[in-house]
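Trainee: Any chance you could fold what I've pasted below:
(one chain, ligands or ions: 2)
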Amino acid sequence: MEQTATVLDPASLLVPGRECGTCTMCCKVFRIPEVDKVAGQWCRHVAQGRGCSIHATRPDVCRTFFCHYLRNGQLGPEWKPAQAKFVLYTEMNGKRLVVATDPSAPVAWRKQPYYAQFKRWAAAGVGQGGQVIVFNAKRATAVLPDRDIDLGIVEVGDEVIYRPSRGGIQSGIDVDVRRRAG
Ligand code: SF4
Ligand code: SF4
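Mentor: Ligands and ions are numbered 1, 2, ... in the order given. The predicted model follows:
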């Protein structure tokens, strides 16, 4: 599962006036090989409450990442990752919303108002190819309108595929994980 590449300047998509401030949550949740960083642990370069101690020379993957909170003006301050304890971003040209959780608060996404909003987004995505997937490290959960499905470990390159239940889309959605070959 990789971030979707874009030819636009990512900074041009940001909500005016919205900024990271003291948040550094994406410097914890993601695996960033460029700085020998594993998922779920603080980057050795993070300056808590201030940002990145190597700001001028940070790798491109850090330079070009802007989470969904910075891009979606509909989200209130409670969605700021430092408070929510998860980072939102999109893949598949915006069709998949990924919720990357802080390992120290792995079920924060189930609190309100977050959980109800995830369900609304899941419902809005039915028939549109939309997905809402929560990651706690590599363990993934598909949030569907009527239930949540534990997908187990999902690796980079695995495909998460939604399909209508046997009775058709009105009967609900089933989810498969197609494992990367090799
Ligand atoms: S998680 Fe979002 S708001 Fe927080 S530091 Fe990263 S990009 Fe900025
Ligand atoms: S290099 Fe800087 S921006 Fe990138 S993860 Fe580390 S602290 Fe964050």
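Trainee: Please count neighbours and contacts with C-alpha atoms only from this point.
Mentor: Will do.
Trainee: how close does I32 get to ligand 1?
Mentor: Separation of I32 from ligand 1 (Cα to the nearest ligand atom, to the nearest Å): 13 Å.
Trainee: That residue and V38 touch, don't they?
Mentor: Yes: using Cα atoms under 8 Å, I32 makes contact with V38 at a distance of 6.4 Å.
Trainee: What helix or strand is the residue nearest to W42 when sequence neighbours are not counted located in?
Mentor: Nearest residue to W42, sequence neighbours excluded (Cα to Cα, 6 or more residues apart in numbering): K28, at 4.3 Å. Using DSSP states H and E, K28 sits within helix 26-29.
Trainee: ok so, going back, and for the residue nearest to W42, the neighbour number?
Mentor: Residues near K28, counting by other Cα atoms under 10 Å, number 21.
Trainee: now do the one 4 residues further on
Mentor: By the criterion of other Cα under 10 Å, I32 has 16 neighbours.
Trainee: Quickly note the distance from it to V126.
Mentor: Relative to V126, I32 is positioned 32 Å away (Cα to Cα, to the nearest Å).
Trainee: hang on, the earlier thing: and the helix holding K28, what's its mean pLDDT?
Mentor: Helix 26-29 carries an average pLDDT of 97.
Trainee: hmm, the helix or strand following that helix in reach of ligand 1?
Mentor: Remark: after helix 26-29, the chain's next helix or strand is strand 46-47, criterion DSSP H and E. No: using Cα under 6 Å from any ligand atom, strand 46-47 stays clear of ligand 1, coming no nearer than 10.3 Å.
Trainee: start at 4 instead
Mentor: Done: numbering now begins at 4, and the last item shifts to strand 49-50.
Trainee: what sits up against the helix or strand just after strand 49-50?
Mentor: Moving toward the C-terminus from strand 49-50, the next helix or strand (DSSP H and E) is strand 54-55. The contact list for strand 54-55, computed with Cα atoms under 8 Å, 6 or more residues apart in numbering, reads G24, T25, C26, T27, H48, V49, R61.
Trainee: partner strands of strand 54-55, parallel or antiparallel?
Mentor: Looking at strand 54-55 with DSSP bridges, its partner strands are strand 49-50 (antiparallel).
Trainee: Out of the contacts of strand 54-55, give me the one that has the most neighbours.
Mentor: Of the contacts of strand 54-55, with other Cα under 10 Å as the count, T27 tops at 20 neighbours.
Trainee: give me the element it is part of.
Mentor: Applying DSSP H and E, one finds T27 in no helix or strand.
Trainee: Burial check on the closest residue to G24 other than its chain neighbours, number of neighbours?
Mentor: Nearest-residue entry for G24: R53, 7.4 Å, with adjacent residues in sequence omitted and distances by Cα to Cα, 6+ apart. Per other Cα under 10 Å, the neighbour tally for R53 reads 12.
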